[in-house]
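Q: Quick one, structure for this:
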Amino acid sequence: MINRKIEQYEIKNLVHESCPVCKELSNVYNLQTSRYQFEIPEEIGRGHIRQIISCKDIQIVDFDMTFSREVEFQGISNTSHIDMFFCIGDEIGWEFRGKSDYFELLNGESLFAKAESKENIKRCIYLPERNFHFMEIKIHPKKFEQIVENIKKEWDMFSHKKHDDIFYRYKITPSINVILQQIIKCPYEKGLKNIYMEGKILELFAIYFNEMIYQKKTHNSVRLSNEDITSIYRAKEILDNNIVNPPTLTVLSRMICLNEFKLKNGFKEIFNQTVYAYIMDKRLETARLLLEEKNLQVSDVASKIGYANASHFALAFRKKFGINPGEYLRNIVRH
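A: As a prediction, this is how the structure comes out:
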């Protein structure tokens with residue numbers, strides 16, 4: 001599975017080039033070893049990144065990280081792969097190159113992604129003082145084909161007979177959570193560990209596909225009562241008042257007494273945007289007003305609305321308004 005000439009995965013910090021986490025993340029993804037653990041340095045946070053197992057067919061990594069400052073990574077995949085993510089901490093999100101949508105995974109949710117394209121670039125922003133705890137399972141395409149060969153009927157139902165990129169998100173059920181905990185707390189070492197893990201992966205796949213197919217059959221769009229709608233408008237008000245440092249979806253749902261599923265889906269249904277997209281839009285609108293009303297530099301505005309990197313703020317501003325913030329300031333505001 002590992003190509004020694006070209007690293008399969010390249011991790012870069014888009015703000016601090018010398019970030020120690022990047023090197024260790026690259027090691028976790030590219031070294032073929034089952035006993036690799038990296039402790040997050042105290043100067044940037046706490047927690048660990050632990051390789052549970054890595055062989056030619058399967059790789060399992062446990063992430064449990066909290067950062068004391070905003071950290072932004074860009075990951076580049078140079079190989080076809082199948083990914084499974086299980087979010088058991090605060091929500092995490094990614095932006096993919098070439099796609100306008102921001103994808104977020106909530107606490108208690110999982111995703112399954114089958115990517116045929118070898119070059120897959122994604123960007124992730126880790127906000128400070130949030131517990132990012134998730135498990136990632138990577139499976140070699142040939143191994144995956146062997147697994148689904150025995151469940152062709154079920155797999156065709158799950159994937160709608162697609163053979164290219166496939167992307168699904170579902171809740172983590174109690175039975176799946178049990179297997180995840182067994183994987184994290186595996187009691188075996190060396191060869192026995194590999195046998196145990198392969199068995200757990202097969203068990204996970206069997207339960208996952210069975211339950212996900214069932215969820216697809218019984219899935220209904222979110223139904224909102226008048227009280228639910230009032231709560232979602234209250235969520236919008238809270239976000240408007242905390243746009244630079246917004247609460248997590250978990251905290252926000254508690255503040256408005258509405259579960260995360262209804263909050264997330266109801267917000268998108270009412271405002272035609274995800275919560276994250278709304279926050280990003282609101283920040284950029286605030287930035288435009290700051291440029292117009294105050295005598296501030298672009299870097300000052302970027303910092304005030306929560307961007308750690310002024311160049312990323314400039315890209316986002318241009319994407320929304322069709323002009324760089326510096327040009328906006330010179331040619332429109334100060335004209």
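Q: Which residue, neighbours along the chain excluded, lies closest to the most centrally placed residue in the chain?
A: Among the residues of the chain, the one closest to the centroid is Gly93, at 3.2 Å (CA atoms, centre = their mean). Leaving aside its chain neighbours, Gly93 sits nearest to Glu104 (3.7 Å; criterion: CB to CB, 6 or more residues apart in numbering). Backbone N, C-alpha and C define where each C-beta goes, glycine included.
Q: Contact partners for that neighbour?
A: 91-94, 249, 274, 276 (CB atoms under 8 Å, 6 or more residues apart in numbering).
Q: Turn the residues you listed into TSV, including distance to Glu292.
A: TSV is the format used below for the contacts of Glu104 (distance: CB to CB, whole Å):
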residue	distance to Glu292
Glu91	33
Ile92	34
Gly93	29
Trp94	32
Leu249	31
Thr274	27
Tyr276	25
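Q: Report the two of those residues separated the most.
A: The largest separation in the contacts of Glu104, counting by CB to CB, is between Trp94 and Leu249 at 15.4 Å.
Q: Between those two, point out the one with more neighbours.
A: Per other CB atoms under 10 Å, whichever of Trp94 and Leu249 has more neighbours is Leu249, with 21 against 18.
Q: In the sheet, which strands lie alongside the strand or helix carrying the residue nearest to the centre of the chain, parallel or antiparallel?
A: Per DSSP states H and E: Gly93 is located in strand 92-96. Sheet pairing here is set by DSSP bridges, and for strand 92-96 it gives strand 102-105 (antiparallel), strand 119-126 (antiparallel).
Q: Isn't Pro246 up against Ile279?
A: Yes - at 5.4 Å, Pro246 counts as touching Ile279 under the criterion of CB atoms under 8 Å.
Q: residues bridging contact with these two, i.e. touching both?
A: With CB under 8 Å, 6+ apart as the test, Pro246 and Ile279 both reach Leu239.
Q: phi, psi of Ser225?
A: phi -80, psi 170 (degrees, to the nearest 10).
Q: And the pLDDT for it?
A: For Ser225, the model assigns a pLDDT of 83.
Q: what stretches of the protein score poorly on pLDDT?
A: Along the chain, the parts satisfying pLDDT under 70 run over 1-9, 14-15, 31-34, 78, 96-102, 115-121, 157-158, 160-166, 213-222, 332-335.
Q: Swap in 50 and give it another go.
A: Low-confidence segments of the chain (pLDDT under 50): 1-6, 98, 100, 118-119, 218-220.
Q: Tell me where it has strands.
A: Remark: strands assigned in the chain by DSSP state E are 9-13, 36-39, 45-54, 58-67, 71-78, 81-87, 92-96, 102-105, 109-115, 119-126, 132-139, 166-171.
Q: What about the nearest residue to Asp240 once chain neighbours are set aside, how many residues nearby?
A: Closest residue in space to Asp240, ignoring its immediate chain neighbours: Lys282 at 6.8 Å, by CB to CB, 6+ apart. Neighbour count of Lys282, defined by other CB under 10 Å: 18.
Q: close enough to count as contact, Lys282 and Asn241?
A: No - using CB under 8 Å, Lys282 is not in contact with Asn241; the gap is 10.6 Å.
Q: Give the other helices and strands that the longest helix anywhere in the chain contacts.
A: Scanning the chain for the helix with the most residues, using DSSP state H, yields helix 190-218. On a contact count with 3 or more CB pairs under 8 Å, 6 or more residues apart in numbering; DSSP states H and E, helix 190-218 meets strand 45-54, strand 58-67, strand 109-115, strand 132-139, helix 152-159, strand 166-171, helix 174-184.
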